[in-house]
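*Asks:* Turn this into a model:
(chains A and B)
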2 protein chains.
Amino acid sequence: MTEFELIEKFFQQTPKRSDVVLGIGDDCAIVEIPELQQLAVTMDTLVSGVHFFENAAAFDVGYKSLAVNLSDLAAMGARPAWVTLALTLPEANEIWLKEFCRGFFELVKRFNLQLIGGDLTRGPLSITVQAQGFLPVGKALTRGGAKVGDLIFVSGTLGDAAFALKCLREKIPVDESALAHLHRPEPRIELGEEILTLAHAAIDISDGLAADLKHILEKSSVGAVIDVEKLPLSDALHAAVSEDEAFALALNGGDDYELCFTAPASLADTFCEMQLPITCIGKITSQKTLELQQNGKIYHGKTAGYQHF
Amino acid sequence: MTEFELIEKFFQQTPKRSDVVLGIGDDCAIVEIPELQQLAVTMDTLVSGVHFFENAAAFDVGYKSLAVNLSDLAAMGARPAWVTLALTLPEANEIWLKEFCRGFFELVKRFNLQLIGGDLTRGPLSITVQAQGFLPVGKALTRGGAKVGDLIFVSGTLGDAAFALKCLREKIPVDESALAHLHRPEPRIELGEEILTLAHAAIDISDGLAADLKHILEKSSVGAVIDVEKLPLSDALHAAVSEDEAFALALNGGDDYELCFTAPASLADTFCEMQLPITCIGKITSQKTLELQQNGKIYHGKTAGYQHF
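*Replies:* Prediction:
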């Protein structure tokens, strides 16, 4: 099959949106932005052997390549709309492509997106996705708005993906739910939209809570104290490792794709009533450092987020 | 240097635009589209060893990775605005990065673009760029509008890039101007905007004139006859190869990044007055085939455009 036949067979299955004037198949796609909305734009690459194992399931690679981008939109509070996909493949393996697309389009369909274009090339396996979404003018949730006295919240549970990765590397059997956190993270789109006008600052946790929270602290010129014992851990992680190892994974493990955000303390009750899937883990301080509190002791947070170079 | 330090050092040099609310450095960029404009979106990948030689000059790789995307915007008649860059590198070679950026930002600056985000990852050398630009509502120049009786025009000269590539592959000395066509193609942005409301259909020539013109013919449900002797050839190509070889390179060689478009015959004089850098090479017919006319003979066009798979 040629490049054009592959695109026709595998990538035209995208849902259609009314704001897409022209989709796949011309020199450019053409789209329309609703009135009073700004556009949020993010782009992430997954490279075989770096971001996923060379023998990773194609479904998971397709799913995750889009999920990590949607997670970035969620962290701004944006509503996702369009995606483009640059897929570089060593060969046109149709079984692999079918599974990749099953994972990719699961999220496309769930979030009512349209794949509007991209590029299909031959080379070492690598996937770059660009996702775009809408934000009401002036409402974006950036990393720079945290205020002294804000509470710090995280969604879901932390450390599961890092635990699963560790087990895979060490060839230790691992719980399916932990594997799901690693391979099929849930982009927190609904949560991002719900906190958009309430939170002061937000980020998605891809490099580990401590490393990513530090981005908020730097951009907001503030500090934080984290109550380590409040870090939300899954039952599976609790059961599998010591408490100290679980907290270390929750603090410094990567690939969680949960949201971390700050909001005025006065909103704590509101969040409770909204039944958001979040946990309060600490507060913003004026100290410009990240402090960790555990068993009554305070120490400085290490931020060993993944380094590519 | 870490990923963040590299981004700070090399990629923050981008010009700033007033329609960019938030640029590099948060989970997403945020941009604003002017009223009554639609957004044109394109994405292309260049892979080392596939789209350029492994020892290619970093300047040329940076320049071309953006040029091929701008060429797609030009083919729609769009005015470029923002770019994102996913750069995957085997190592953080600062000399290479500096040269890559010199090439990339030459075009960023020339066309008053802003680099608004992207991703820097470790892996086999590969570059994916997404470029976005503006189009007045409903005015896009697609591949689908060619009408029987339209004249067919191409910009610049054809075949030089394919000739240069052939010489490099066969280790034959090659003229600097032909090399420039291959390594540093000129995106025809101004021309695209000038013909936006005049032309009926357009495409940029990346896979060879015959292969790309066929896309117009298919989308428009028409045919074409090309007068081979009218194909615009550079003096360098004329001097280097036989006339038949030159015409074959112009018809089927790739990497030209010139525009091919169709327009009503009544506009030929207007185009002359506008002094556009274009040549009329044939006309649109109702036959639904591509015919080539040379020395009074007519034969069918081969369309052997580059196949990735």
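*Asks:* For the helix or strand bottoming out on mean pLDDT in chain A, output the C-alpha coordinates as CSV.
*Replies:* The weakest-scoring helix or strand in chain A, judged by mean pLDDT, DSSP states H and E, is strand A:297-300 (a mean of 82). In CSV, the C-alpha atoms belonging to strand A:297-300 read as follows (Å, rounded to 0.1, in the frame of the first residue of the first chain):
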residue,chain,number,x,y,z
LYS,A,297,10.0,16.5,60.0
ILE,A,298,10.5,19.0,57.2
TYR,A,299,13.1,18.5,54.4
HIS,A,300,13.8,19.9,51.0
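*Asks:* Give me the buried positions along that strand.
*Replies:* Of the residues in strand A:297-300, none count as buried by neighbour count, 16 or more other Cβ atoms under 10 Å in any protein chain shown. Placement of C-beta: from N, CA and C, glycine included.
*Asks:* Work out the sheet partners of that strand and label each with its direction, please.
*Replies:* strand A:290-294 (antiparallel) (DSSP bridges).
*Asks:* neighbours around residue A:138, how many?
*Replies:* Neighbour count for residue A:138, taken as other Cβ atoms under 10 Å in any protein chain shown: 9.
*Asks:* what does the least confident helix or strand of chain A rub up against?
*Replies:* Outside strand A:297-300, the residues that touch it by Cβ atoms under 8 Å, 6 or more residues apart in numbering or on different chains are A:225, A:289, A:290, A:291, A:292.
*Asks:* now stretch A:4-23
*Replies:* So stretch A:4-23 is in contact with A:1, A:24-25, A:28-34, A:81-82, A:85, A:92, A:94, A:97-98, A:101, A:105, A:108-109, A:112-118, A:120, B:38, B:140, B:142, B:309, going by Cβ under 8 Å, 6+ apart.
*Asks:* In that stretch, which residues are buried?
*Replies:* Judged by neighbour count (16+ other Cβ under 10 Å), stretch A:4-23 contains these buried residues: A:6, A:7, A:10, A:11, A:14, A:20, A:21, A:22, A:23.
*Asks:* what's the answer for stretch A:100-108, then?
*Replies:* With the criterion 16+ other Cβ under 10 Å, stretch A:100-108 contains buried residues A:100, A:101, A:103, A:104, A:105, A:106, A:107, A:108.
*Asks:* Columns pLDDT on top of those, output as JSON lines?
*Replies:* Converted to JSON lines, the buried residues of stretch A:100-108 look like this (pLDDT from 0 to 100):
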{"residue": "A:100", "pLDDT": "98"}
{"residue": "A:101", "pLDDT": "98"}
{"residue": "A:103", "pLDDT": "98"}
{"residue": "A:104", "pLDDT": "98"}
{"residue": "A:105", "pLDDT": "98"}
{"residue": "A:106", "pLDDT": "98"}
{"residue": "A:107", "pLDDT": "98"}
{"residue": "A:108", "pLDDT": "98"}
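*Asks:* Stretch A:1-19 spans what distance, first to last residue?
*Replies:* The first and last residues of stretch A:1-19 sit 31 Å apart, counting by Cα to Cα, to the nearest Å.
*Asks:* Please identify which of the buried residues of stretch A:4-23 is nearest to residue B:62.
*Replies:* Taking Cβ to Cβ as the measure, residue B:62 sits nearest to residue A:7 out of the buried residues of stretch A:4-23, at 27.1 Å.
*Asks:* Please tell me how far stretch A:185-195 is from the chain's geometric centre.
*Replies:* Stretch A:185-195 sits 9 Å away from the centroid of its parent chain (Cα atoms, centre = their mean, to the nearest Å).
*Asks:* let me redo that: stretch A:201-212
*Replies:* Distance, centroid of stretch A:201-212 to centroid of chain: 9 Å (Cα atoms, centre = their mean).
*Asks:* Am I right that residue A:273 sits in a helix?
*Replies:* Yes: counting by DSSP: H, G, I helix; E, B strand; the rest coil, residue A:273 is part of a helix.
*Asks:* quick one: the helices in the stretch 101-250 of chain A?
*Replies:* Listed in chain order, the helices of the stretch 101-250 of chain A (DSSP state H, counting those that start in this stretch) span A:160-169, A:176-183, A:189-195, A:209-220, A:235-240, A:243-252.
*Asks:* contacting residues around the longest one?
*Replies:* The one in question is helix A:209-220. So helix A:209-220 is contacted by A:142-147, A:152, A:154, A:158, A:200-206, A:223-224, A:226, A:231, A:250-252, A:254, A:256, A:260, A:262, A:284, A:288, A:290, A:301-305, B:25-26 (Cβ under 8 Å, 6+ apart).
*Asks:* Among the residues you listed, name the buried ones.
*Replies:* Among the contacts of helix A:209-220, those classed as buried by 16+ other Cβ under 10 Å are A:142-146, A:152, A:154, A:158, A:200-206, A:223-224, A:226, A:231, A:250-252, A:254, A:256, A:260, A:262, A:284, A:290, A:301, A:303, A:305, B:25-26.
*Asks:* so of those, which ones are in strands?
*Replies:* A:152, A:154, A:201-204, A:223-224, A:226, A:260, A:262, A:284, A:290 (DSSP state E).
*Asks:* State the pair within those residues that is farthest apart.
*Replies:* Maximum pairwise distance in these, criterion Cβ to Cβ, is 20.9 Å, between A:204 and A:223.
*Asks:* Make CSV out of the ones in strands among the buried ones among the contacts of helix A:209-220 and add distance to residue A:278 and pLDDT.
*Replies:* Shown next, in CSV, are these (distance: Cβ to Cβ, whole Å; pLDDT from 0 to 100):
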residue, distance to residue A:278, pLDDT
A:152, 10, 98
A:154, 7, 98
A:201, 14, 98
A:202, 11, 98
A:203, 14, 98
A:204, 13, 97
A:223, 21, 97
A:224, 16, 97
A:226, 15, 96
A:260, 10, 98
A:262, 12, 98
A:284, 16, 98
A:290, 20, 94
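*Asks:* which one among those residues gets closest to residue B:128?
*Replies:* Nearest member of these to residue B:128, counting by Cβ to Cβ, is residue A:204, at 21.1 Å.
*Asks:* That closest one: what's it in contact with?
*Replies:* A:71, A:72, A:74, A:75, A:188, A:212, A:257, A:258, A:259, A:260, B:27.
*Asks:* May I see the residues you listed arranged in TSV, with distance to residue B:235 as well?
*Replies:* Output for these, formatted as TSV (distance: Cβ to Cβ, whole Å):
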residue	distance to residue B:235
A:71	54
A:72	50
A:74	56
A:75	55
A:188	60
A:212	58
A:257	57
A:258	62
A:259	61
A:260	62
B:27	52
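*Asks:* Generate a ChimeraX selection restricted to the buried entries among the residues you listed.
*Replies:* In ChimeraX, this line selects whichever of these come out buried by 16+ other Cβ under 10 Å:
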select /A:71,72,74,75,188,212,257,258,259,260 /B:27
